[in-house]
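>>> Return atomic coordinates for the entry below.
(one chain, ligands or ions: 1)
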Amino acid sequence: MTGASPSQAPMPTGNPRLEGLTDYPFTRLAALLAGVPPRANLEPLSLAVGEPQHTPPALLTAALQANAHLWGRYPPVAGTPEFRAAVADWLERRYALPAGFVDRETGILPVAGTREALFQLPLLTVPEHRAGRRPAVLIPNPFYAVYEGAAAMAGAEPVFLPAFADTGFLPDLDALPPDLLERTALFYLCTPANPQGAVADLDYLRKALALARAYDFVLAVDECYAEIWDRAAPPGALEAARETGSTAGLVVLHSLSKRSSAAGLRSGFIAGDPQLLQRFARLRSYSCAGTPLPALAAATALWRDETHVEENRRLYRAKVDAADSVLAGRFGFYRPPGGFFLWLDVGDGEAAARTLWQEAAIRVVPGAYLSRPDADGRNRGRPYVRVALVHDAETVARACERIVRLLG
Ligand SMILES: Cc1ncc(COP(=O)(O)O)c(C=O)c1O
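Numbering: from 1, shown residues only. Predicted structure coming up:
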């Protein structure tokens, strides 16, 4: 032992994969806006975080209270039969699946928010080597930040697939070289997409699933915005699987955070290939806090109710209407087919975010924080900002007017 005081002791060696991650988008936004005080007398308004602001349904609280005697129990990894049955029934209704297509014993697992399950998927799927090389995880670009962190922490190479206007804001599946597909272990697809709001049609999902099977990788479809849509309900990847008679190679993820405005409940599920889910349960036995039983009971009640979901959709549509009436014809505005984000081309996303904060106390996320440069070094997300339409329609309209006034 030396006489070094704790303050002089060297930091233990950390995990270089963690050190190598880009800062999380909201950390970068905080750094961008630190020292940029908004003008006096303006109430700060965050359109940055995709946190629903509607009151969660009363049945959530009622179910939590009715099951309060269960707080003392450790929750099982597989959840409860009641929860899995509610999810299976919902999936069958929502996607017109034959009864039993998603096995209610082996084809569904509860997750404590889809974020943690999305993060774990590379731990489940990425081997040491694939086709003799470093495994790849395919990620749409722009993307939900967790995908990149998850791939990198599992030792895979995150490979970003451009998803901008020229390809309908989805990755071009025909452009994927066989050489890349051969070393792909996992493909994250997000539909409706965060941040672009694009929805993959059934043909697209069929093609993605066929690629996964042809090249033997796992297709993980993040459908957590599936219930927030404008004109038509987005198809789900399980519909594409149904046509093949099997869920092999596929998992889908759904959440109550957006559907039921219950982000604090931390409740979602993963469903699909029973073989994958069996191994996922094994991984989760080692690594996860299960969803508490009272929360699972609340989730069960929420998946069985559609009334609050329809009302939710109506409220989001009113916000999109409000944005549409102010922004139509500007900044490349389009009504997002799904989800509740606007993806606006404002020329320089960082400069716009700074201006909106300084002049109007409005927080938005620069597109560059949600995207990575292409092979040519150009970050195609740089011109954009992401705007979360989570406040009431009147507030949304006022915020959009300020955006036009300051950036138009
Ligand atoms: C695309 C996407 N996937 C997953 C999540 C995680 O949601 P949760 O963990 O609340 O289910 C989010 C949250 O914002 C998201 O935008």
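
>>> The ligand contacts on the chain?
When proximity is defined as CB under 6 Å from any ligand atom, the chain approaches the ligand at 50, 113-115, 118, 144, 190, 194, 222, 224, 255, 257, 263, 268. To be clear about C-beta, it is placed using only N, CA and C from the backbone, and glycine gets the same treatment.

>>> Residue of the stretch 51-200 of the chain nearest the ligand, please.
G113 (2.9 Å; CB to the nearest ligand atom).

>>> before we move on, which element is E105 in?
Using DSSP states H and E, E105 is not contained in any helix or strand.

>>> cool, L161 as well?
Going by DSSP H and E, L161 is in strand 157-162.

>>> Parallel or antiparallel, list what pairs with that strand.
strand 136-141 (parallel) (DSSP bridges).

>>> Beyond the partner strand, next helix or strand please.
Counting by DSSP H and E, the next helix or strand C-terminal to strand 136-141 is helix 145-153.

>>> Between strand 136-141 and that next one, find me the angle.
Orientation check (axes from the mean of the first three to the mean of the last three CA atoms, to 10 degrees): helix 145-153 against strand 136-141 gives 160 degrees.

>>> average pLDDT for helix 145-153?
When pLDDT is averaged over helix 145-153, the result is 98.

>>> again, but for stretch 65-75
Mean predicted confidence for stretch 65-75 is 97.

>>> Flag every buried residue along that stretch.
Using 16 or more other CB atoms under 10 Å as the test for burial, stretch 65-75 gives N67, L70, P75.

>>> What ranges in the protein fall below the confidence cut-off?
1-8 (pLDDT under 70).

>>> So L59 sits against D305, correct?
Yes: with contact defined as CB atoms under 8 Å, L59 reaches D305; the gap is 6.2 Å.

>>> Please determine how far A156 is located from R133.
As defined by CB to CB, to the nearest Å, A156 lies at a distance of 11 Å from R133.

>>> These two: who's more crowded?
A156 (23 against 11; other CB atoms under 10 Å).

>>> Next up, the contacts around that one.
Residues in contact with A156, defined by CB atoms under 8 Å, 6 or more residues apart in numbering, are P122, V126, R134, P135, A136, V137, A185, L186.

>>> Please list only the buried members of the residues you listed.
Buried members of these, scored by 16+ other CB under 10 Å, are P122, V126, P135, A136, V137, A185, L186.

>>> Surely the last one and P127 touch.
No: using CB under 8 Å, L186 is not in contact with P127; the gap is 10.6 Å.

>>> part of a strand, is Y286?
No: counting by DSSP: H, G, I helix; E, B strand; the rest coil, Y286 is not part of a strand but helix.

>>> For the ligand, what is the nearest residue in the stretch 301-408 of the chain?
Residue of the stretch 301-408 of the chain nearest the ligand, by CB to the nearest ligand atom: G339 (7.9 Å).

>>> could you check the distance from that residue over to W229?
Applying CB to CB to G339 and W229 gives a distance of 8 Å.

>>> So which of those two has more stuff around it?
Neighbours were tallied for G339 and for W229 using other CB under 10 Å; the higher tally belongs to G339 (30 against 20).
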